[in-house]
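Asker: quick one, structure for this:
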Amino acid sequence: MASRLLAKLDAAIARTRDPVQLACLRAERAGFLGRHGKVELAQTQLKEIQRQFADQPHVAVSGWLALAEGQIEHGSRLSHAAHDRFQRARALSAAAQMRPLQALSAAWLAHTEYVRCQRERMAELCAEALRLAAPDHHAARWRVNLTVACGYHFAGLMDQAQPWYTAARTHAMADGDDAAISALIYNQASLRGTQARWAAAFDRHCERRAVGAVISAESSGQFDAVSGVQSLSWLGPLLRAQLLVLEGRHAEALALFDECWPRSEPHFRARMESVVLADRAWCLLQLDRHAEGRVDADQALQGLQAPCDTDDRAMAQARLAQVFQQLGDEATAASLTEAAQRDCETHRQDQRRQAALLDAALDGITPA
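Answerer: The predicted structure is shown next:
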């Protein structure tokens, strides 16, 4: 599938003669390539622009370079360095009164604050981006609408999230941005998957949710295969593996874990080790591979000491409680169940706070 956005950027680059405007367009193109998963090519193109302006920096070019660097970092490694680059792009564009770049930078920065669980800052930046972005600034508007949608979806408020998802899709389609559509499909599938896994751990009414989440996850992978989006290619299979566990398809889940988990980024593995290894241990036990399951369970238990989002830690503890109960360690299972319930309540408080912060920040602002 050929990208309409890439074709538009190529056409604009071909007809542009002003060197500053040309460099900004080329940086925008490199950022798109980075979001698409073509990281080496994107980095090569950025280095060419950096060399061109090394002796005489220009604030507009520097701002676009920072934004593109952040997009490449986020699209290739989910790196926290992306946050710093988006912050620089926003500061440069604000100082130079480059409103479109400021809106776009604020939109991307809001997303990284969402990932970092900085809920108040995320809500503030979403409102800023929506105030600054022109109605037809599709690049800024798909990004910020998707972030708001994810925020409400995380809070369990799908009815409030849906109009923002719809607006995000409308702007991504208008821009011909297949990397944006890929991000939308994946993020929605991921949150549906998280809710299905949460229901399995704490509500015990997960069968229909699990089926729908699996379908969403499979749709994400199918879109990327057709569109050629290659960024973070291990994330989709990891999500599908987690959902296959819910369906009791333990051998298939284990095969996917073994295929995608070693390819994930090291900092992601450190944060999510307890979550993945708990599910993997459960699969091994169901396949009568108890010795291996015990090894993974012990490693997952140790991994709970690493920094982790509250909802992920709660689900890891709930799964490990099941694992240790099956292994006959009732005391550890009981301790994990208590810890999971404490984190469950903390997560529900986080959900309520997320919704309240978005409601306050977006008062009077509608999806558009």
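
Asker: so what touches stretch 347-354?
Answerer: When contacts are defined by CB atoms under 8 Å, 6 or more residues apart in numbering, stretch 347-354 is touched by residues 117, 119, 151-152, 154-156, 310-311, 314. (Glycine included, C-beta is placed from N, CA and C.)

Asker: redo that, cut-off 10 Å
Answerer: Outside of stretch 347-354, the residues within contact range by CB atoms under 10 Å, 6 or more residues apart in numbering are 114, 117, 119-120, 122-123, 150-157, 198, 202, 309-315.

Asker: quick one: buried residues of the helix or strand where Glu292 lies?
Answerer: Assigned by DSSP states H and E, Glu292 falls within helix 290-303. If you call a residue buried by 16 or more other CB atoms under 10 Å, then helix 290-303 has these buried ones: 293-294, 296-298, 300-301, 303.

Asker: which one of those is nearest to Leu33?
Answerer: Nearest to Leu33, judged by CB to CB, of these is Gly303 at 34.4 Å.

Asker: what residues does the closest residue to Arg29 other than its chain neighbours make contact with?
Answerer: Distances taken as CB to CB, 6 or more residues apart in numbering place Leu9 nearest to Arg29, at 4.6 Å, with adjacent residues excluded. With contacts defined as CB under 10 Å, 6+ apart, Leu9 is in contact with 3, 25-26, 28-33, 176.

Asker: give me the buried subset of those residues.
Answerer: Buried among those by 16+ other CB under 10 Å: 3, 25-26, 28-33, 176.

Asker: which other helices and strands contact the host helix or strand of Pro163?
Answerer: Assigned by DSSP H and E, Pro163 falls within helix 158-175. Packing contacts for helix 158-175, counted by 3 or more CB pairs under 10 Å, 6 or more residues apart in numbering; DSSP states H and E, involve helix 4-15, helix 138-154, helix 178-198, helix 330-361.

Asker: if you count neighbours, what's buried in it?
Answerer: In helix 158-175, counting by 16+ other CB under 10 Å, buried: 160-161, 163-165, 167-173, 175.

Asker: closest to Glu48 among these?
Answerer: Asp175 (24.6 Å).

Asker: give me the nearest residue to that closest one, chain neighbours excluded.
Answerer: Spatial nearest neighbour of Asp175, excluding adjacent residues (CB to CB, 6+ apart): His138 at 3.8 Å.

Asker: ok, that neighbour touching Asp177?
Answerer: Yes: the criterion here is CB atoms under 10 Å, and His138 meets it with Asp177 at 7.4 Å.

Asker: now do the shared contacts for these two.
Answerer: What both His138 and Asp177 touch, as defined by CB under 10 Å, 6+ apart, is the set 5, 171.

Asker: neighbour count: those two, which is higher?
Answerer: The neighbour comparison of His138 against Asp177 (other CB atoms under 10 Å) goes to Asp177, with 25 against 21.

Asker: any idea of the pLDDT on the residue lying closest to that one once chain neighbours are set aside?
Answerer: Nearest residue to Asp177 in three dimensions, chain neighbours excluded: Leu5, at 4.5 Å (CB to CB, 6+ apart). Note on Leu5: pLDDT of 94.

Asker: likewise Ala333?
Answerer: 97.

Asker: against Arg192, how distant is His80?
Answerer: Per CB to CB, to the nearest Å, His80 is found 26 Å from Arg192.

Asker: neighbour count: those two, which is higher?
Answerer: Each of His80 and Arg192 has its neighbours counted (other CB under 10 Å); Arg192 has more, 22 against 13.

Asker: let's see the pLDDT reported for that one.
Answerer: 90.

Asker: looking at it, it is touching Phe154, isn't it?
Answerer: No: using CB under 10 Å, Arg192 is not in contact with Phe154; the gap is 11.4 Å.

Asker: output the helix holding Pro163 in PDB, but only the C-alpha positions, please.
Answerer: Written as PDB, here are the backbone C-alpha positions of helix 158-175 (Å, rounded to 0.1, in the frame of the first residue of the first chain):
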ATOM      1  CA  MET A 158     -15.500   4.000  26.200                       C
ATOM      2  CA  ASP A 159     -18.600   6.100  25.400                       C
ATOM      3  CA  GLN A 160     -16.500   9.300  26.000                       C
ATOM      4  CA  ALA A 161     -13.500   7.800  24.200                       C
ATOM      5  CA  GLN A 162     -15.300   6.900  21.000                       C
ATOM      6  CA  PRO A 163     -15.900  10.400  19.500                       C
ATOM      7  CA  TRP A 164     -12.200  11.200  20.000                       C
ATOM      8  CA  TYR A 165     -11.200   7.900  18.300                       C
ATOM      9  CA  THR A 166     -13.500   8.800  15.400                       C
ATOM     10  CA  ALA A 167     -12.000  12.300  15.100                       C
ATOM     11  CA  ALA A 168      -8.500  10.800  15.200                       C
ATOM     12  CA  ARG A 169      -9.400   8.400  12.400                       C
ATOM     13  CA  THR A 170     -11.000  11.200  10.300                       C
ATOM     14  CA  HIS A 171      -7.800  13.300  10.500                       C
ATOM     15  CA  ALA A 172      -5.400  10.400   9.900                       C
ATOM     16  CA  MET A 173      -7.500   9.400   6.800                       C
ATOM     17  CA  ALA A 174      -7.600  13.000   5.500                       C
ATOM     18  CA  ASP A 175      -3.800  13.200   5.800                       C
END
